[in-house]
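J.: no letters, just coordinates:
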């Protein structure tokens with residue numbers, strides 16, 4: 001049980017190439033495979049942290065790797081969705097907001113780690129992540145989603161914008177908190 005949370009995090013990273021390859025499978029099968037792999041990855045995101053806390057097997061490796069795995073998965077999916085013209089036109093701005101915030105917060109966390117200051121994940125950021133994952137799921141099923149739910153891509157884009165809005169709010173909050181500890185010079 002001690003290593004299971006880290007194994008789940010590594011599994012999330014290993015699923016990324018599978019999600020990528022699913023984009024090359026045509027039609028319903030490819031959409032379903034991409035959604036299935038993404039869903040499994042999403043569940044590992046929930047369960048790795050839950051198991052680590054429940055069984056008190058949290059590790060520095062897990063705290064470092066978990067957010068990296070999340071960012072790799074989200075960035076890969078957003079880039080694929082843009083590259084395959086599923087996220088198009090002004091909707092690309094929502095994807096850019098999400099990607100830029102992830103990079104900004106990662107850099108801020110790394111900087112604050114050097115100062116031995118923690119920047120815990122806020123409840124609102126957890127909601128943002130959940131909404132973002134659901135949005136990506138709706139977008140991954142693309143045209144196949146219309147067979148199940150007429151407006152699946154539109155729902156996905158709407159949720160993506162909601163996630164982008166929450167991304168701005170939580171990103172601002174993290175920067176505000178981090179700046180309290182910022183050292184403007186090494187003196």
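T.: Yes, it's here. Just so you know, these numbers come straight off a predicted model, no measurement behind them.

J.: tell me where the chain has helices.
T.: According to DSSP state H, the chain carries its helices in the segments 4-22, 27-54, 60-83, 92-114, 123-140, 142-148, 152-179.

J.: least reliable of those by average pLDDT, please.
T.: Looking at the helices of the chain, the lowest mean pLDDT belongs to helix 142-148 (a mean of 70).

J.: tell me how far the closest residue to residue 156 other than its chain neighbours lies from residue 150.
T.: In this structure, residue 156 finds its nearest non-sequential neighbour in residue 138, 3.0 Å apart by CB to CB, 6 or more residues apart in numbering. (C-beta placed from N, C-alpha, C; glycine too.) According to CB to CB, to the nearest Å, residue 138 and residue 150 sit 12 Å apart.

J.: before we move on, the earlier item: so the residue nearest to residue 156 versus residue 61, what's the distance?
T.: In this view, residue 138 and residue 61 are 33 Å apart by CB to CB.

J.: more neighbours, those two?
T.: Each of residue 138 and residue 61 has its neighbours counted (other CB atoms under 10 Å); residue 138 has more, 22 against 13.

J.: wait, isn't the more buried one in contact with residue 155?
T.: Yes - when contacts are counted by CB atoms under 8 Å, residue 138 is listed as touching residue 155 (5.2 Å).

J.: any shared contact partners between these two?
T.: Listed as contacting both residue 138 and residue 155 by CB atoms under 8 Å, 6 or more residues apart in numbering is no residue at all.

J.: tell me the spacing between residue 159 and residue 133.
T.: 9 Å.

J.: shared neighbours of these two, anything?
T.: By CB under 8 Å, 6+ apart, no residue touches both residue 159 and residue 133.
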